[in-house]
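S.K.: sharing a model prediction with you, sequence too.
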Amino acid sequence: MSIFRVLLLPFSLLFGAVVCIRNTLYDYKLLKIHKVDLPVLSVGNISVGGSGKTPYILKLIELLKSHGKNPAVIYRGYKRTSTASVAKVDLETDSSSFFGDEASLVAFKTKVPVYIGSDRVIVANKIVRDEQVDVILLDDGYQHRRLHRDLDIAVLDATDKKSAYQLMPVGRAREPLSSLQRAGIVALHKINLPHESISLRSDIQSSILFRGVVKMSDWVQLNYNFVDLPLETTTLVCGVAKPEQVEQTLKSKYSKLNFTTKAFADHHHFSSNDIPNGIVVVTEKDAIKIKDLRVDLTKIFVMVNDLDWNLKYEELASKLFTHN
């Protein structure tokens with residue numbers, strides 16, 4: 001461990017104590033937990049920085065709809081420009097930057113009601129009042145214990161070393177690995193990439209553990225017409241937490257593609273100056289923001305990924321709907 005991280009240890013211990021006290025207060029119901037009149041499914045993690053929740057939200061919506069369920073989704077709206085306490089995502093009236101990139105992408109792709117708001121209890125109650133839905137998905141809700149959830153799914157990035165799960169600020173963990181015992185289902189994500197899942201397995205006590213692989217399935221342009229990528233010099237433009245994983249996906253699919261990477265911070269608000277000339281490759285998460293720019297959209301190609309997992313609807317329903 002570096003000297004710098006040793007110096008941070010007291011702060012990590014203090015952070016851990018605060019987390020432990022807070023969780024104990026919720027465990028013993030000394031802090032109020034608010035229940036709404038719909039089942040709530042939380043998809044979250046115990047670390048900061050890109051575990052890959054969005055593909056799971058999309059896949060869960062697809063799975064629920066295929067079995068006759070009508071879901072709605074709640075996002076905090078991280079790095080959104082809107083200051084509204086509650087807002088329903090409507091890309092016909094405002095841009096994706098107004099609502100946040102992940103909420104906008106999910107609304108755009110699924111057409112289900114997607115709401116943003118920092119107080120998820122208020123947002124959930126509004127959905128119950130205003131929407132004809134029968135289940136609520138809560139993004140990044142593992143630590144948001146004020147809102148009762150019927151099922152917690154914790155997504156772990158299998159490429160992370162166990163050392164990454166040291167508590168902040170020494171590591172990237174919001175909670176210790178022991179907190180995974182609250183999860184009804186644990187997803188080990190990105191197992192197709194070089195991973196550390198064996199070292200994490202002993203800390204996972206969930207009764208259901210499943211594995212997910214995100215595979216690149218198609219190319220589209222920003223109008224979502226399917227196209228083939230021209231195999232010429234390309235720039236990968238991305239504002240995601242782990243751009244190196246996007247690079248790995250691109251290289252595995254197109255080993256002969258010559259590309260350079262122009263990386264930005266996660267949730268970056270793009271401007272026209274960020275987009276270079278020539279062929280540009282982007283993720284769907286970035287495409288939802290770039291489509292509003294005044295750039296040559298015919299030169300921009302979007303990587304469409306699909307989540308391959310082994311979770312069955314019956315396993316999900318047995319934990320989500322049995323208590324309602």
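M.R.: Looks like it came in fine. Keep in mind that what you see is a predicted model, and the values were worked out from it rather than measured.

S.K.: low-confidence regions, the stretch 101-250 of the chain specifically.
M.R.: Applying pLDDT under 70 to the stretch 101-250 of the chain flags the ranges 192-208.

S.K.: just the strands in it please.
M.R.: 114-116, 135-139, 151-157, 185-189, 208-220, 226-227, 234-238 (DSSP state E, counting those that start in this stretch).

S.K.: give me whichever of those is most buried.
M.R.: Most buried of the strands of the stretch 101-250 of the chain, by mean neighbour count (mean count of other Cβ atoms under 10 Å): strand 114-116, with a mean of 28. To be clear about C-beta, it is placed using only N, CA and C from the backbone, and glycine gets the same treatment.

S.K.: before we move on, back to that, okay if I get the strands of the stretch 101-250 of the chain as CSV plus distance to Y28?
M.R.: Output for these, formatted as CSV (distance: least, Cβ to Cβ, whole Å):
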stretch, distance to Y28
strand 114-116, 30
strand 135-139, 22
strand 151-157, 18
strand 185-189, 24
strand 208-220, 26
strand 226-227, 53
strand 234-238, 44
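
S.K.: give the buried residues for the lengthiest helix in the chain.
M.R.: The helix that spans the most residues within the chain, counting by DSSP state H, is helix 3-27. Within helix 3-27, the residues that qualify as buried by neighbour count (16 or more other Cβ atoms under 10 Å) are L8, S12, F15, G16, V19, N23.

S.K.: now do stretch 316-324
M.R.: For stretch 316-324, by 16+ other Cβ under 10 Å, it's L316, A317, K319, L320.

S.K.: which one of those residues is nearest V186?
M.R.: V186 lies nearest to K319 out of these, by Cβ to Cβ, at 12.1 Å.

S.K.: which residues touch L229?
M.R.: Going by Cβ atoms under 8 Å, 6 or more residues apart in numbering, L229 touches W219, Y254, L257, I279, V281, F301.

S.K.: count of residues packed around the second one?
M.R.: This means Y254. Neighbours of Y254 under the rule other Cβ atoms under 10 Å: 15.

S.K.: do the third one as well
M.R.: Residues contacting L257 under the criterion other Cβ under 10 Å number 17.

S.K.: enumerate every residue touching it.
M.R.: Counting by Cβ under 8 Å, 6+ apart, L257 has contacts L229, L231, T234, L250, K251.

S.K.: now do the same for it: helix, strand or coil?
M.R.: With DSSP: H, G, I helix; E, B strand; the rest coil as the basis, L257 sits in coil.

S.K.: ok, it to M303 distance?
M.R.: 12 Å (Cβ to Cβ, to the nearest Å).

S.K.: anything in contact with each of the two?
M.R.: Shared contacts of L257 and M303 (Cβ under 8 Å, 6+ apart): L250.

S.K.: circling back to that earlier point, out of the contacts of L229, the closest to I136 would be?
M.R.: Nearest to I136 among the contacts of L229, with distances taken as Cβ to Cβ, is W219, at 33.0 Å.

S.K.: correct me if wrong: that closest one contacts N225.
M.R.: No. Counting by Cβ atoms under 8 Å, W219 sits too far from N225 to count as a contact (9.8 Å).

S.K.: what's in contact with stretch 309-318?
M.R.: For stretch 309-318, using Cβ under 8 Å, 6+ apart, the contacting residues are 59-60, 63, 66-67, 151, 185, 187, 208, 210-213.

S.K.: could I get the buried residue list for that stretch?
M.R.: W309, L311, L316, A317.

S.K.: what kind of secondary structure is the last one in?
M.R.: In other words, A317. Assignment for A317 (three-state DSSP): helix.

S.K.: nothing else from me, thank you.
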